[in-house]
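Chemist: Show me the folded form of this:
(one chain, ligands or ions: 1)
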Amino acid sequence: MVPASGAIGGPVAVKVNPWDETRRYTVTRELFEFPVAIVVGLSEAERLAEAEQSEQTYLWYATLASLLLLAILSLLGRLSWRLQRTQSRIMEERVDHARRVEYLAFHDNLTGLPNRAYFTRLLTQGMQHSRRYGKRQALLFLDLDRFKAINDSLGHDAGDDLLKEMGKRLSGAVRESDVVARLGGDEFVVLIPEVIDESQVTVVADKILAAVSLPFTLVGQEFRITVSIGIAMFPQDGEDEQTLMKHADVAMYHAKEQGKNNAQFYSTQLSTDSLERLALESSMRKALENREFRLYYQSKQDMLTGRVTGMEALLRWQHPDLGLIAPMQFIPLAEENGLIVPIGRWVFNTACRQNVEWQMQGFPPLSMAVNLSARQFLDEHLLGDIKTTLEETGMAPELLELEITESMMMLDMPRTVRILKDLKRMGVRIAIDDFGTGYSSLSKLKDFPLDTIKIDGSFIQDLVNSAEDRSLTEAIIELGKSLGLTVVAEGVESIEQADYLRVHSCDQFQGFYINMPMPATEFEMSMRDQFRRFEDSNPSE
Ligand SMILES: Nc1nc2c(ncn2[C@@H]2O[C@@H]3COP(=O)(O)O[C@H]4[C@@H](O)[C@H](n5cnc6c(=O)[nH]c(N)nc65)O[C@@H]4COP(=O)(O)O[C@H]3[C@H]2O)c(=O)[nH]1
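Modeler: As a prediction, this is how the structure comes out:
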């Protein structure tokens, strides 16, 4: 019904129809001219039908959307899980690949042993460690006897089988801490890291000889093979990897010459044939110019407190072909041809410069001992050279200690006394080196202006076992004390030797027990370590 204009609308009310009991929303309207009430009504269900309808539609859409969202989320989850799994698999494959490449680069693919490159690295690291902690190592160089004959007659496959079996037997004959490597061909090496004495190395070499001598079965037949072993000890037979390998190789050839199937230790005699001497002499002339000389340093410690008191500078020659050459291999030659004078000048200069530099870095003033050979001592420019060096480097003279040997002092006593007095006037300290090996007249010793007496390492070596060496050592200590000299023991290698010297009032000591001679950079690190340890154990100092 369309309301006419002027109609009055009443309030909406819910009314219940008494007939069918239906609840209705009603509005009563009156028209102006008719007193008729028109009742418009809709049941509750009719009125809510539309809203319910849209509510259901909304619910339906919401459910659909939620299901869709859930499906999308689970799809995304699955995709990201798959992505992650693929990524981690790629990573693992990359790492595996890198490991494999590294393994192949550092291992011999026939025997699985470390190859030459890896062994060189292990040897160099081992040397640094040994130098720092005063340990010895042994390098065994092995070469199979008659390998070529077997390889040629039985074929390469049999040769390969033999090498594989060799690798296994060598690894089985040594400790796990020892390193076995294959350099190539039929050459193997064994590195024994912590050696106390050479008899220990002989035992290992004998075990290897025995392991190799057992029969091998190749292409269904039994074969026997032997091996020749050359042994070089670190540090005395070589202080760098190249020299040590070369000397072990020289010793191995010597073992072959001795009839194969045996082990031989390297000795300097093996490599000082005349040809090498000649080559050495001509290259020594160029060595200074080519900056091939190096100084190694070894510290000295106070016997009672353990504090580092100074160091000794020891000369080395880094030869381009022969590796690092020890001073006793070239100094006698340099003395013969006079080259020791310019070389000695370089030693003074380098040692003083280095000492000043360490002080500038904050190390306490430490003495620097430098060796002087007989020829240098006779050189008329010696005093002038030392004076110039002290001035040029700024080195405090009292920190420089010149070591002259007992035999040198006795050559021309009045002259020696004169030179030493001149040196003393400059403020430089004088030490008598290798004491006990010469035949000095003890009564004359007091005529020399000395500061320090160094007991030769040969007495210290047998100190624990030899009563004779013990009494000599005690006598030298007493003599030194009675002359008011500082007594230093050289070549101390064990705690027993150090304890003995301490009990017998030796002042200072030096030797592998503390550290080996080492290049400046390594020495610097070792000094830092020693000072730190000293300060930790003596916090009040
Ligand atoms: N077995 C053993 N040896 C130890 C121990 N501690 C130190 N040594 C070694 O003993 C030698 C001590 O030096 P030296 O008696 O002055 O004997 C020196 C010295 O006479 C001479 N020398 C070294 N450097 C120079 C130098 O710059 N000029 C001159 N003229 N001679 C030098 O060469 C000699 C040998 O020097 P290096 O081969 O460096 O040998 C050094 C050192 O490496 C130890 O605990 N056990």
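
Chemist: Can you list the low-confidence ranges for the chain?
Modeler: 1-10, 28-44, 271-278, 411, 437-443, 539-541 (pLDDT under 70).

Chemist: what's the domain layout of it?
Modeler: For the chain, the domain assignment from automatic domain parsing gives the residue ranges 1-76, 116-271, 274-535.

Chemist: Tell me which of those domains lies nearest to the ligand.
Modeler: domain 274-535 (3.2 Å; Cβ to the nearest ligand atom). Bear in mind the C-beta positions are built from the backbone N, C-alpha and C, glycine included.

Chemist: Now find how far off-centre the closest one is within its chain.
Modeler: 27 Å (Cα atoms, centre = their mean, to the nearest Å).

Chemist: Show me which residues of the stretch 301-450 of the chain sit near the ligand.
Modeler: 314-315, 326-328, 331, 344, 347, 371-373, 403, 433-434 (Cβ under 6 Å from any ligand atom).

Chemist: Next: the chain.
Modeler: Taking Cβ under 6 Å from any ligand atom as the contact definition, the chain meets the ligand at 298, 314-315, 326-328, 331, 344, 347, 371-373, 403, 433-434, 457, 490-493, 511-512, 517.

Chemist: Among those residues, the buried ones, what's the PyMOL command?
Modeler: In PyMOL, this line selects whichever of these come out buried by 16 or more other Cβ atoms under 10 Å:
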select buried, resi 298+314+315+326+327+331+344+347+371+372+373+403+433+434+457+490+491+492+493+511+512+517
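
Chemist: on that earlier part again, inside strands: which ones of the residues of the stretch 301-450 of the chain next to the ligand?
Modeler: 314-315, 371, 403, 433-434 (DSSP state E).

Chemist: And the furthest pair within those?
Modeler: By the measure Cβ to Cβ, L315 and D434 form the most distant pair in those, at 15.9 Å.

Chemist: where do the strands sit along the stretch 251-400 of the chain?
Modeler: Ranges of strands in the stretch 251-400 of the chain, per DSSP state E, counting those that start in this stretch, are 263-265, 293-302, 308-319, 323-325, 367-371, 400-405.

Chemist: Return the list of strands paired to the first one, each annotated with direction.
Modeler: Listed by DSSP bridges, the sheet partners of strand 263-265 and their directions read strand 226-234 (parallel).

Chemist: Would you mind putting the CA coordinates of the partner strand into PDB?
Modeler: Presented in PDB, the C-alpha positions along strand 226-234 are these (Å, rounded to 0.1, in the frame of the first residue of the first chain):
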ATOM      1  CA  THR A 226     114.600 -53.900   0.000                       C
ATOM      2  CA  VAL A 227     114.900 -50.200   0.800                       C
ATOM      3  CA  SER A 228     117.800 -47.700   1.400                       C
ATOM      4  CA  ILE A 229     117.200 -45.100   4.000                       C
ATOM      5  CA  GLY A 230     119.000 -41.700   4.500                       C
ATOM      6  CA  ILE A 231     118.400 -39.900   7.700                       C
ATOM      7  CA  ALA A 232     118.900 -36.200   8.400                       C
ATOM      8  CA  MET A 233     118.300 -34.700  11.800                       C
ATOM      9  CA  PHE A 234     116.700 -31.300  12.400                       C
END
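
Chemist: Please report the distance of R131 from M525.
Modeler: Relative to M525, R131 is positioned 10 Å away (Cβ to Cβ, to the nearest Å).

Chemist: Please report phi then psi for the nearest residue to E398 once chain neighbours are set aside.
Modeler: Residue nearest to E398 in three dimensions, not counting chain neighbours: G427, with 5.3 Å by Cβ to Cβ, 6 or more residues apart in numbering. When quoted as degrees, to the nearest 10, the phi and psi of G427 stand at phi 100, psi 0.

Chemist: contacting residues around G427?
Modeler: Contacts here follow Cβ atoms under 8 Å, 6 or more residues apart in numbering; on that basis G427 touches 396-398.
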